[in-house]
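S.K.: build me a model:
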Amino acid sequence: MAKVCWPYFDPEYENLSVRINPPRVSVDNTSCTDCTVVKVDSVNKPGILLEVVQILTDLDFIITKAYISSDGGWFMDVFHVTDQQGKKITDGKTIDYIERVLGPKGHTTDGMKNCPGKRVGVHSVGNHTAIELIGRDRPGLLSEISAVLANLHFNVAVAEVWTHNRRIACVLYVNDDTTSSAVDYPNRLSIMEEQLKHIMRGCEDDDKVARTSFSMGFTHIDRRLHQMLFADRDYEGGGVTTEVDYPPSFKPKITVEHCEEKGYSVVSVRCKDRAKLMFDIVCTLTDMQYVVFHANISSNGPYASQEYFIRHMDGCTLDTEGEKERVIKCLEAAIQRRVSEGLSLELCAKDRVGLLSEVTRILRENGLTVRRAGVSTVGEQAVNVFYVRDAYGNPVEAKTIEALRKEIGHKMMLNVKKDPASAKEPEAEASGWAKTSFFFGNLLEKFLA
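M.R.: Predicted coordinates for the structure are as follows:
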C-alpha cells in the first residue's frame with residue numbers, strides 16, 4: 001500500500017496575522033463630555049463584531065453610538081458607551097479589563113472563557129449541568145419545571161427564560177444538592193429528561209411540541225436562547241402577538257434596501273431604545289450567516305436608529321423579496337424576545353434547593369405569568385428577576401403586589417420596579433416611545449456590593 005504524505009501545517013499559522021498585527025484598543029474619556037469612547041482596531045475575522053459587542057454588553061454598558069467598518073482585512077470599531085446610570089466608565093479595573101479582553105491577550109480561547117462580565121450570560125459557570133428546554137408556553141410552566149428539579153434534588157444555580165409568540169426557551173444550570181457538582185449519573189439524567197419532557201408537552205403527545213437536551217458547550221447564554229427560538233421558527237408566529245404584548249408604537253420599523261454603488265444590502269432598524277439592542281441584532285444577523293461590513297448606530301432620546309451594510313457569507317446580497325421579508329421577521333422577533341414592558345420583580349435571598357420552585361409557585365398562585373426571567377447565584381446569594389403580567393397578559397394590579405409583599409417580604413428582599421412605558425399610559429404611546437427607566441442589568445453587582 002502506497003504511503004500518503006501530507007504537507008505540514010503549523011497550527012499557529014491561523015493566528016499569524018493576529019500576532020503580526022495585534023489588536024489595538026483604547027478607552028478614551030476625554031474626547032466626549034458625556035460618554036466613554038472605546039476604539040478597537042484589529043485584523044478582521046468572522047464573528048469579531050459579535051465578540052466585541054458581546055463583551056461590552058456583558059459589562060452592562062449602554063451603547064449610545066457606534067461606527068463599524070470591516071471592509072478588506074481590517075476591522076475598525078468606535079463605540080460610545082456609558083454605564084447604566086448614563087455616566088462615563090471611570091473604574092480603573094473595568095478599563096483594564098476592557099483593554100485586556102479586547103486586546104491581544106483576549107483573542108485566545110481561554111481569555112474569552114474567563115470573561116467575568118455577566119455571570120448569568122456565560123456557559124462556563126463551573127461544575128454544572130446545562131439543560132435546554134423549548135416548547136409551547138402556558139401559565140405556570142416555569143413553576144412546574146422548577147418543581148420537577150427540586151423534587152429530584154437538583155439546585156438551579158443559573159437560569160435564563162425567554163418567552164415569545166407563545167413559545168418558551170430556557171437555559172438552566174443545575175447541580176446536585178449534596179455534592180454541589182455536575183450530575184454525571186446517566187440514570188438520574190434520564191429520569192430528569194423524561195419528567196421535563198412530560199411537563200413541556202403538557203396535554204399534547206407530539207414530541208415536536210417540546211424539546212429537552214443537555215448542553216456541554218460554551219455558547220453565550222443569550223445567544224443560545226436566540227438560536228433556540230430561531231430554530232423553533234418563533235418569528236413565523238407574528239399573528240399571535242397581541243397589542244397587549246407590544247403596543248403599535250413599540251413595534252420595530254425595519255427595512256431592507258439594496259446599495260447598488262457598493263453592492264451591499266442595507267438593513268435599517270428604528271425602534272424603542274433599550275439595553276442590549278445592538279447585541280440582539282448583530283447576534284441574529286450573524287446566526288443567519290450574514291456578514292456586517294459597515295454599521296452606524298445612534299440613539300436619540302427614546303429612539304434607536306441602526307443601519308447595517310451586509311452581505312451573505314457567500315458574498316451575495318438579499319435580492320429576493322422572500323429573503324428580505326425573512327430578515328425583517330427574524331430581526332423583529334430578536335428585538336421583541338427581550339422586551340418586557342410593565343412590572344419586574346427582583347428577589348434576593350440566601351440560596352437553597354427549591355428556592356426557585358417556591359418563588360414561582362407563589363407567583364402562579366397569585367395569578368401571575370412570567371414573561372422573562374433571570375436567575376443568578378454567587379456564593380450563598382441568589383438573585384431572581386421576573387418580568388410578570390397577569391394571567392390574561394394585562395398589567396399587574398397593585399393589590400396583587402401587596403399580597404406578594406405580605407407573603408414573601410419577610411423571607412427575602414423584594415424590589416418591585418414598574419416601567420413607565422406601560423399599557424396604562426396611552427398618552428405616551430400616542431406621542432411616541434416613552435423612556436424606560438430600568439434596564440435588565442447585572443443585579444448581582446448591586447446586591448453583593
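
S.K.: where do the helices sit along the stretch 51-200 of the chain?
M.R.: Per DSSP state H, counting those that start in this stretch, the stretch 51-200 of the chain carries helices over the ranges 92-102, 109-113, 141-151, 186-201.

S.K.: now the third one: mean pLDDT?
M.R.: Helix 141-151 carries an average pLDDT of 95.

S.K.: any buried residues in it, and which?
M.R.: Buried residues in helix 141-151, counting neighbours by 16 or more other C-beta atoms under 10 Å, are found at 141-150. Any C-beta I mention is one placed from the backbone N, CA and C, and that applies to glycine too.

S.K.: as JSON lines, the residues you listed with distance to G72 would be great.
M.R.: As requested, the buried residues of helix 141-151 are arranged in JSON lines below (distance: C-beta to C-beta, whole Å):
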{"residue": "L141", "distance to G72": "49"}
{"residue": "L142", "distance to G72": "47"}
{"residue": "S143", "distance to G72": "53"}
{"residue": "E144", "distance to G72": "53"}
{"residue": "I145", "distance to G72": "48"}
{"residue": "S146", "distance to G72": "50"}
{"residue": "A147", "distance to G72": "55"}
{"residue": "V148", "distance to G72": "53"}
{"residue": "L149", "distance to G72": "50"}
{"residue": "A150", "distance to G72": "54"}
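
S.K.: measure E144 to E132 for me?
M.R.: From E144 across to E132, the span is 17 Å (C-beta to C-beta, to the nearest Å).

S.K.: next one: E160
M.R.: E160 is 11 Å from E132, by C-beta to C-beta.

S.K.: give me the common contacts of the two.
M.R.: Shared contacts of E160 and E132, defined by C-beta atoms under 8 Å, 6 or more residues apart in numbering, are found at 170-171.

S.K.: so H128 sits against T179, correct?
M.R.: No: checked against C-beta atoms under 8 Å, the pair H128 and T179 is beyond contact range at 11.7 Å.

S.K.: how about the CA coordinates for the longest helix belonging to the chain, as CSV?
M.R.: Determined from DSSP state H, the single longest helix within the chain is helix 321-338. In CSV, the C-alpha atoms belonging to helix 321-338 read as follows (Å, rounded to 0.1, in the frame of the first residue of the first chain):
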residue,chain,number,x,y,z
GLU,A,321,-38.5,39.7,-1.6
GLY,A,322,-38.7,36.4,0.3
GLU,A,323,-35.1,36.9,1.7
LYS,A,324,-35.8,40.5,2.7
GLU,A,325,-39.1,39.5,4.4
ARG,A,326,-37.4,36.7,6.3
VAL,A,327,-34.7,39.0,7.6
ILE,A,328,-37.3,41.6,8.7
LYS,A,329,-39.3,39.0,10.6
CYS,A,330,-36.3,37.5,12.3
LEU,A,331,-35.0,40.9,13.4
GLU,A,332,-38.4,41.8,14.7
ALA,A,333,-38.5,38.6,16.7
ALA,A,334,-35.0,39.1,18.1
ILE,A,335,-35.9,42.6,19.3
GLN,A,336,-39.2,41.6,20.8
ARG,A,337,-37.9,38.5,22.7
ARG,A,338,-36.1,40.6,25.2
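
S.K.: alright, that wraps it up for me.
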